[in-house]
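Participant: A predicted structure for the sequence below; I have some questions about it.
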Amino acid sequence: MRWDNLTLSDEPAQEALFGVGDVISRTFGTPEFRGMTFYEVRARSILNKVPGGSRMPFSWTLNPYRGCSHACVYCFARRTHEYLELDSGLDFDSKIVVKVNAPELLRRELASPRWTGADIAMGTNVDPYQRVEGRYRLMPGILEALRGARNPFSILTKGTLVLRDLDLLRGAAEVTEVVVNVSVGFVDEKLWRRVEPGTPAPRARLSVCRTLTDAGIGCGVLMAPILPYLTDSPSQLNATVRAIAEAGAGSVTPLVLHLRPGAREWYLAWLEREHPDLVARYRELYRGGAYAPKVYRQSISAQVAALARRYGVGAVAPGESRRRPIRRTAVGTEPAPGRVSATTNSRADQLSML
């Protein structure tokens, strides 16, 4: 690891990320941050243009953090840490880059004459509501800037901390489109503790969906990741979709685990420790690359679609009102433009924090 070298003036990659000499390293003594290091940086820009050929349902993203304390063993974003000369395993979980000037940068970029008011997606790389957000509080300023500019946005999160900003979300929803999705791939709490150790429990995340829905904020569930041979049985899918329906979700979008380089090695190492009997089956299932075979993914989608119809995901009880209408996204159909939701792997690559 050569993090210190990234602050030298002869490192062109560093200057593109943040200013030379602007890195401050911090540790905190509280139990929730034990063993973690936070690198406070002053970013040069905050809005990221999605490449035109990516087929994402959004064109701009915003990520106030790099690295994630959720420590999900399958996280697709792990490899992004390698750009900073950090590893995609423990460093990704414990060395977090904090863009401390994110709110002021966003206000400046939204005010630019070149900005066209496009939807901005947050949570597409790492979670903006991971637990360090409780200390740095970057999101309130970000939400205030978006509300002030009346700029539509969406948030994908595994965190319950988003409810801290409920009043800000309500205010923004009065003047622009606001959509929040929570990511819940399964409701098995024993497995949750092993694969998503830094996240709130699945049902706590679903309670976020209920609270947001009741508050008039459009909220759906990205049912991700569905882990082959671990969370894909009919009974497990049934339990998860039923819990999603009970949370009042406006949509459910299933996404089978995909294993990119970086995440693949980390996940398979975990599998070797926890479920060695499944390693050969995984290697066979993912022998073609990052994605499970299309026939497998289609089978999962069909099962979830049937369960969603059975339990009425997205149905609104007679007389129930919302401040803003929710654009429904039925399982297996094209998502509405701007939704942080996807029904095909190509569209879901940057959505799922997998």
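Facilitator: Noted; the coordinates are in hand.

Participant: rest of the way, CA atoms for contacts and neighbours
Facilitator: Will do.

Participant: Walk me through which strands the top strand by length along the chain pairs with, and which way each runs.
Facilitator: Criterion DSSP state E: the longest strand present in the chain is strand 218-226. Strand pairing for strand 218-226, determined by DSSP bridges: strand 178-183 (parallel), strand 252-256 (parallel).

Participant: With mean pLDDT, distance to Ile300 and mean neighbour count added, can I get the ones you listed in CSV?
Facilitator: As requested, those are arranged in CSV below (pLDDT from 0 to 100; distance: least, CA to CA, whole Å; neighbours: other CA atoms under 10 Å):
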stretch, mean pLDDT, distance to Ile300, mean neighbour count
strand 178-183, 96, 17, 27
strand 252-256, 96, 8, 28
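
Participant: Report the distance from the longest strand of the chain to the chain centre.
Facilitator: Taking CA atoms, centre = their mean, to the nearest Å, one finds strand 218-226 lying 10 Å from the centre of the chain it belongs to.

Participant: Which helix or strand lies directly C-terminal to that strand?
Facilitator: Downstream of strand 218-226, the next assigned helix or strand under DSSP states H and E is helix 234-246.

Participant: Check which helices and strands that following helix is in contact with.
Facilitator: In terms of contacts (3 or more CA pairs under 8 Å, 6 or more residues apart in numbering; DSSP states H and E), helix 234-246 is packed against helix 202-214, helix 294-311.

Participant: Buried residues, stretch 154-169. List them.
Facilitator: Neighbour counts using 16 or more other CA atoms under 10 Å place 154-162, 166, 168-169 of stretch 154-169 among the buried residues.

Participant: Quick one: residues contacting the nearest residue to Ala71 once chain neighbours are set aside.
Facilitator: Residue nearest to Ala71 in three dimensions, not counting chain neighbours: Asp93, with 5.0 Å by CA to CA, 6 or more residues apart in numbering. Remark: with contacts taken as CA atoms under 8 Å, 6 or more residues apart in numbering, Asp93 is in contact with 67-71.

Participant: Report the separation between Asp93 and Met36.
Facilitator: Taken as CA to CA, to the nearest Å, the spacing of Asp93 relative to Met36 amounts to 8 Å.

Participant: Then Ile217?
Facilitator: Per CA to CA, Ile217 is found 33 Å from Met36.

Participant: Neighbour count for these two, which is higher?
Facilitator: Between Ile217 and Met36, counted using other CA atoms under 10 Å, Ile217 has the larger neighbour count: 27 against 17.

Participant: coming back round to it: quick one: which of the strands paired with strand 218-226 is nearest Arg203?
Facilitator: Ranking the strands paired with strand 218-226 by proximity to Arg203 (CA to CA) places strand 178-183 first, at 10.9 Å.

Participant: That closest one relative to helix 202-214, how many degrees between them?
Facilitator: With axes from the mean of the first three to the mean of the last three CA atoms, to 10 degrees as the criterion, the two stretches strand 178-183 and helix 202-214 enclose an angle of 160 degrees.

Participant: thinking again about what came up before, return the set of buried residues in the longest strand of the chain.
Facilitator: When neighbours are counted by 16+ other CA under 10 Å, the buried residues of strand 218-226 are found to be 218-226.
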